[in-house]
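Peer 1: Give the three-dimensional model of this entry:
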Amino acid sequence: MSDAKNAVTKRAGIVSAGTLLSRILGLVRESVIAAYFPKETIDAYQVAFMIPNSFRRLTAEGSFSISVTSVFSKIWAEDDIDRSRAFVRSALGFSLIFLLVLTATGVFGAKWFASAAGWGFKEDPHKFAMAVSLTRIMFPYILFISLTALAMGILNSAGRFFAPAFAPVLLNVSIIGCAVGLAGFMPNLGVDPIFAMAVGVIIGGIAQALLQLPSLRAIGLLVLPSLNILNRDLRRVLKMTLPMLIGAAAYQIGLFISTAFASTMGTGAVTYIQFANRLMELPLAVLVMAISTAALPSMAALKGEGKLDEMKIIFGHALRLALFVATPAMIALVVLAEPVITILYQRGLFTHDDVLKTAAALRLLALGICFVALLRQTVPVFYSLEKVKIPVIMTMVNIVVYISTALLLMKPFGYLGLCVAVSLAASVQALGLIIILRKLIGPLSLQKTFLNWLRMLSACVPMAAAVYAVSLLGRWEIGGNSALNIGVLALAVLTGIVMYFIFAYIVRVPEMKELLGAVRARSIR
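Peer 2: This next block holds a predicted model:
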């Protein structure tokens, strides 16, 4: 079992490296957007990009792709290449048909989608028209990213993590390149410079799909599509996916409502929440999702072999690893919200007042990081067990809690009330799923996990104090280009990492011991 746990940790390292690079470039992308474009056009772009990007939960990051990984992991473990090829051909053929229909619907229905996601923009006809046009241009992105996700699921199941992990880097490089190199030429074409971002999205989507092809060829699965809907493995995937579509639809509705609420909060609200959410997602995507991505094939294979107890061990290990990184990230983002946002965004058209408003949103969103980490480790277990209806139901619960809380808080607290609603809804969903999972498969060593988490929190107390003390050296009101501020933030981050590791070792956090063991083993080699 230690080999399986080590495999998860190693795979998570590969995924983390690719995701870290992508997320760093994503922050550079957001910084470029903040500096180059006014908030009015950024709001329109954020809503328009959210529309096709949100469908990734249906066709890429969730639902179909996760079902593919769960089923194909078991096929690949049987070492049957003919069956594997037949499945990939059938899945590719089905995906192409479905995605082409979805893309056409999005392009021709762009006005309806933009109206649903940004109803507050209707008071500004120019902003609304821009959101509609950007949606129409960027919606085909869902075709390319979904085909990429299908390839990623197959490659991850086959133990190939490099190309899937580094693919998102190409999207950010493309968008940054188009923003810097193409935006200035857009007025010559009679369009707003923000449309350069839309061009970058499409180019990036195509590049991500192309990157997967050599790896597919290397394992003998670069095949032509077929329309064999009767393929038994594809039908298993569809059987798993159909209930999940309900949950994905609920998520879509919730995301549209969230963005629509923000669009009524005045100029900049959408941007403040999106920028804050980007920072909150950094530790979740770089480390927490990497652990989940690495653990899913192992858990699915163990379930297929009937080794439920071993699968539970892998889940517990993944859960504690996720909390080990999510807990200090939560504390650090709360303490360093203003310094981080100042360095990333305060230049050009993005003022310090914008920084303070974004920082307030970030602090509230960051409070939910540990619960989101629990959520993202727990949902894949249900997929491995092929109990997909339960996450669907809990997604609906999330939406109900979010809408109820948002309606209660948005009037007195504005866009900050929406941030509180996000964190509260995630906590209810995560805790609900863990309680249900324990009833479904028995004890999950939750007491051990909780005690470990308390140790992690205790290690974060001196870390937070040290980081806050260092941050007082900065003059954050003067902006992100200040050498003093850049140096202070770098020192604060380094201090936080060192302090957390030291005190995690002192209070005997088991994951810290595992990390040190892995480092020693690598140095011996």
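Peer 1: quick one, what contacts the closest residue to Phe55 other than its chain neighbours?
Peer 2: Using Cβ to Cβ, 6 or more residues apart in numbering and skipping the chain neighbours, the partner closest in space to Phe55 is Ile142 (4.9 Å). C-beta: built from backbone N, CA, C; applies to glycine. Contacts for Ile142 were tallied using Cβ atoms under 8 Å, 6 or more residues apart in numbering; they are Pro52, Asn53, Phe55, Arg56, Thr59, Ala60, Leu99, Leu102, Thr103, Gly106.
Peer 1: Determine the three-state secondary structure at Gly474.
Peer 2: coil (DSSP: H, G, I helix; E, B strand; the rest coil).
Peer 1: Test for you: state the pLDDT assigned to it.
Peer 2: Looking at Gly474, its pLDDT reads 93.
Peer 1: same question, the one 10 residues further on
Peer 2: Note for Leu484: predicted pLDDT of 94.
Peer 1: Please apply the same query to Ala91.
Peer 2: Value for Ala91, per-residue pLDDT: 88.
Peer 1: With Ala490 instead?
Peer 2: Per-residue confidence (pLDDT) for Ala490: 94.
Peer 1: ok, for Leu356, nearest residue in space, not its chain neighbours?
Peer 2: Nearest one to Leu356, counting by Cβ to Cβ, 6+ apart, is Glu338 at 6.8 Å.
Peer 1: quick one on the thing from earlier: out of the contacts of Ile142, who's nearest Val372?
Peer 2: The closest of the contacts of Ile142 to Val372 turns out to be Arg56 (Cβ to Cβ; 16.5 Å).
Peer 1: which ones are touching the closest one?
Peer 2: Gly62, Ile142, Ile145, Ser146, Ala149.
Peer 1: what's the distance between it and Arg508?
Peer 2: The gap separating Arg56 from Arg508 is 40 Å, by Cβ to Cβ, to the nearest Å.
Peer 1: If we ignore the residues flanking it in sequence, what's nearest Ile434?
Peer 2: Nearest residue to Ile434, sequence neighbours excluded (Cβ to Cβ, 6+ apart): Thr378, at 5.7 Å.
Peer 1: Give me the pLDDT value at that neighbour.
Peer 2: 84.
Peer 1: can you tell me the helix or strand for it?
Peer 2: Using DSSP states H and E, Thr378 maps to helix 369-384.
Peer 1: other SSEs contacting that helix?
Peer 2: helix 64-77, helix 289-304, helix 308-335, helix 389-413, helix 415-441 (3 or more Cβ pairs under 8 Å, 6 or more residues apart in numbering; DSSP states H and E).
Peer 1: Ser215 is in contact with Leu155, isn't it?
Peer 2: Yes - the pair Ser215 / Leu155 is scored as a contact, 5.4 Å apart, by Cβ atoms under 8 Å.
Peer 1: Between the two, point out the one with more neighbours.
Peer 2: Leu155 (24 against 20; other Cβ atoms under 10 Å).
Peer 1: What is the burial count for the residue nearest to Leu356?
Peer 2: Counted with other Cβ under 10 Å, Glu338 comes out at 21.
Peer 1: ok, it - contacts?
Peer 2: Taking Cβ under 8 Å, 6+ apart, we find Glu338 in contact with Val355, Leu356, Ala359, Trp476.
Peer 1: From what I see, the first one and Val340 are in contact.
Peer 2: Okay, so that is Val355. No - if you go by Cβ under 8 Å, Val355 and Val340 don't touch, sitting 9.6 Å apart.
Peer 1: so what's the backbone phi/psi at Ala34?
Peer 2: Ala34 has phi and psi values of phi -60, psi -40 when expressed as degrees, to the nearest 10.
Peer 1: Pretty sure it sits against Phe350.
Peer 2: Yes - using Cβ under 8 Å, Ala34 is in contact with Phe350, at 4.0 Å.
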